[in-house]
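1. Quick one, what's the 3D model for this:
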Amino acid sequence: MPGLTVVIPTLNAAAGLKALLPQLSSERLDLDLVIADGGSTDATPDLASRHQARLTAAEGGRGPQIQAGVDAALAEWLMILHADSRLPEDWDRRVAAFMADPGSEALAGYFAFALDDGSASARRLERLVAWRCRVLGLPYGDQGLLVSRAFLESLGGYPDLPLMEDVALARRIGKKRLVCLDARLVTSSEKFRRDGYLRRSARNLLCLALYFLGVPPWAIRRIYG
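-> Numbers count the residues shown, from 1 in each chain. Next comes the predicted model:
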């Protein structure tokens with residue numbers, strides 16, 4: 001049975017983990033779960049223990065946390081997930097098929113973006129993200145990332161950035177080596193509903209533009225919120 005380490009960066013993410021961790025079981029894959037925690041004071045450590053996930057501590061934001069999880073991984077294949085993600089029912093079949101293809105060793109897989117909101121605004125944003133991935137080759141971290149350890153190491157590992165680490169890695173991988181797994185990874189719409197779809201999307205676009213203009217991620221983090 002092929003092995004897969006799932007790395008989940010967290011910071012007080014118990015609410016999301018309660019739903020995600022029970023989904024992480026499989027008869028097709030030998031799973032290794034790593035919670036890369038940035039100092040949670042909620043029930044995150046307890047949930048990790050309850051679901052046989054190993055906990056590793058790291059500071060400095062998402063990039064360093066994910067790299068700490070990668071360093072602790074036992075398997076040769078890695079899947080990076082955000083804690084507020086919800087996997088499709090047959091996620092392990094799709095992941096196992098990608099891993100079994102010899103051509104995938106120098107590729108990275110990601111899921112299609114979807115929100116847990118039935119509004120028209122959510123559907124418009126999903127279409128916009130699909131365009132961004134197809135045309136610009138920029139899937140974000142909330143779409144998951146499936147990659148072999150060897151390929152990730154050949155890229156220099158996970159970027160040591162507190163924010164925009166997903167964009168930096170996608171650019172290193174390159175559009176032609178990014179493959180959509182043709183399945184939806186549902187993520188929380190809470191930030192969009194709280195801030196407003198237009199305002200939140202505009203803020204995210206501003207952060208991306210600032211990053212491309214060379215503004216350091218620690219400064220962009222103040223705007224991102």
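
2. Going by C-alpha atoms from here, please, whenever you check contacts or count neighbours.
-> Fine.

3. So which bits of stretch 83-98 are buried?
-> Buried residues in stretch 83-98, counted by 16 or more other CA atoms under 10 Å: Ala83, Asp84, Ser85, Arg86, Leu87, Trp91, Asp92, Val95, Ala96, Phe98.

4. and if you look at stretch 57-70?
-> Within stretch 57-70, the residues scored as buried using 16+ other CA under 10 Å are Ala57, Ala58, Gly61, Arg62, Gly63, Pro64, Gln65, Ile66, Gln67, Ala68, Gly69, Val70.

5. Those in strands, which ones?
-> Mapping these onto strands (DSSP state E) picks out Ala57.

6. Would you point out the most distant pair within the buried residues of stretch 83-98?
-> Taking CA to CA as the measure, the buried residues of stretch 83-98 span a maximum distance of 23.3 Å, between Asp84 and Phe98.

7. if we can go back for a sec, now, among the buried residues of stretch 57-70, which is nearest to Val34?
-> Among the buried residues of stretch 57-70, Gly69 lies closest to Val34 (CA to CA), at 6.0 Å.

8. looking at it, that closest one is touching Val34, isn't it?
-> Yes. At 6.0 Å, Gly69 counts as touching Val34 under the criterion of CA atoms under 8 Å.

9. which residues are common contacts for those two?
-> Counting by CA atoms under 8 Å, 6 or more residues apart in numbering, the shared contacts of Gly69 and Val34 are Val7, Ile8, Thr56.

10. Before I go, just wanted to say thanks for your time.
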